[in-house]
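Trainee: Quick one, fold the following:
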Amino acid sequence: QVQPVESGGGLVQAGGSLRLSCAASGRTLSSSAVGWFRQVPGKEREIVAAISRGGGDTYYADSVKGRFTISRDNAKNTVYLQMNSLKPDDTAVYYCAARVMYPSYRTPIRLEEYDYWGQGTQVTVSS
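Mentor: You can find the predicted model right below:
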């Protein structure tokens, strides 16, 4: 079992940057594909970015391409989401999710493909 734990959220002005981290207890993240999702009240949870177990494949939602970067450091058992040029529309609770036993070269992008979820971290971007 993998228990993701997010950190790094906070309040930032538009145009600023934040880096979210996803660590894990239990089974290591290195055995999992990892995705970052976000959700605002009244809307469905949506994928932001994902990275394959091997790290060689990534996915980005169109809304964040060119601004966000997902990466992983398996030695530190951590996945990062670097968020630059933040906009007020990026305000949401951000969730880290893990999928174990997934082909190392592929990246799951659908919410239902993920097995384990963190509690979320709030990101607020002020205008």
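
Trainee: only C-alpha atoms for contact and neighbour calcs from this point on.
Mentor: OK.

Trainee: Local confidence estimate at the most centrally placed residue in the chain?
Mentor: With distances taken as C-alpha atoms, centre = their mean, the residue of the chain nearest its centroid is W36 (2.1 Å). With respect to pLDDT, W36 scores 98.

Trainee: wait, it sits on A49?
Mentor: Yes: the pair W36 / A49 is scored as a contact, 5.3 Å apart, by C-alpha atoms under 8 Å.

Trainee: tell me which residues in the lowest-mean-pLDDT helix or strand in the chain are buried?
Mentor: Ranked by mean pLDDT, DSSP states H and E, the helix or strand of the chain with the weakest confidence is strand 18-26, at a mean of 91. In terms of neighbour count (16 or more other C-alpha atoms under 10 Å), strand 18-26 has its buried residues at 18-24.

Trainee: Turn those residues into CSV, including distance to Y102.
Mentor: As requested, the buried residues of strand 18-26 are exported to CSV (distance: C-alpha to C-alpha, whole Å):
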residue, distance to Y102
L18, 29
R19, 26
L20, 23
S21, 21
C22, 18
A23, 19
A24, 17
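
Trainee: List just the nearest of those residues to S63.
Mentor: Looking at the buried residues of strand 18-26 and their distance to S63, the nearest is L18, at 16.4 Å (C-alpha to C-alpha).

Trainee: rewinding a little: next, the residue nearest to the residue nearest to the centre of the chain when sequence neighbours are not counted: secondary structure please.
Mentor: Nearest non-adjacent residue to W36, counting by C-alpha to C-alpha, 6 or more residues apart in numbering: C96, 4.7 Å away. Look at C96: counting by DSSP: H, G, I helix; E, B strand; the rest coil, its state is strand.
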